[in-house]
Each structure stands twice: as C-alpha cells, then as structure tokens.
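S.K.: Sharing a model that was predicted from the sequence below.
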Amino acid sequence: MVQVYFHCSNPEGTLIDRYGAAVANLTEARDRATQIMHSMIHTPGAEDWRDWVIHVSDDDGEEIFDLPFTAMLGKPH
C-alpha cells in the first residue's frame, strides 16, 4: 500500500488534501480520484468544474498523474 494525496486545483487556487488515502496500485488511485471528482461535481452549488484538475501525488509530493474534471463531465451518471 502506498499513501497518495488528491489535491484539486483551478486557476484561482488549490485545495490541499492533508490526509490522503492508502492505495494498492495506480488503478485504485485513479478510481479514488474519480470518486472524489464525482462527489465534488454532485455537491449542490454553482461551481463551474470545467477548469478543475485533480492532482494525485505521493508522500514526497511528487505528482503521479493528474486528471481534469472534464474527463468526468458530460458522462452519464
């Protein structure tokens, strides 16, 4: 298991994940990132998520991958 962090950003700033999650592999990390995006997109509010990106980083702060929210927007729920 590896501890990874899911930071979310848009042009105005970054939401820092201080707790992260333990994952077994990249597939699990991507699945968790997708769950986080889904939760944020479906939170009631007027936020325009098109400019948001989730950045998945390791314990050293090195980015493993990023995933734009547009990858999920427009997909059937």
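M.R.: Received the coordinates, thanks. Residues are numbered from 1 along each chain as shown.

S.K.: Could you tell me which other helices and strands the lengthiest strand in the chain packs against?
M.R.: The residue-count maximum for a strand in the chain (DSSP state E) belongs to strand 2-10. Helices and strands touching strand 2-10, by 3 or more CB pairs under 8 Å, 6 or more residues apart in numbering; DSSP states H and E, are strand 13-15, strand 21-23, helix 26-41, strand 53-57. No exception for glycine: its C-beta is placed from N, CA and C like everyone else's.

S.K.: Out of these, which one sits most buried?
M.R.: Of all the helices and strands packed on strand 2-10, strand 53-57 has the most neighbours on average by mean count of other CB atoms under 10 Å, namely a mean of 20.

S.K.: For it, enumerate the helices and strands it packs against.
M.R.: Secondary elements touching strand 53-57 (3+ CB pairs under 8 Å, 6+ apart): strand 2-10, helix 26-41, strand 63-68.

S.K.: Restricting to C-alpha, output the first one in PDB.
M.R.: Just to be clear, that refers to strand 2-10. What follows is strand 2-10, C-alpha atoms only, in PDB (Å, rounded to 0.1, in the frame of the first residue of the first chain):
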ATOM      1  CA  VAL A   2       1.100   3.500  -0.800                       C
ATOM      2  CA  GLN A   3      -0.200   6.800   0.600                       C
ATOM      3  CA  VAL A   4      -1.300   9.200  -2.100                       C
ATOM      4  CA  TYR A   5      -2.900  12.600  -1.900                       C
ATOM      5  CA  PHE A   6      -5.600  14.100  -4.100                       C
ATOM      6  CA  HIS A   7      -5.100  17.900  -4.500                       C
ATOM      7  CA  CYS A   8      -7.700  19.800  -6.500                       C
ATOM      8  CA  SER A   9      -7.000  23.000  -8.300                       C
ATOM      9  CA  ASN A  10      -8.400  25.600 -10.700                       C
END
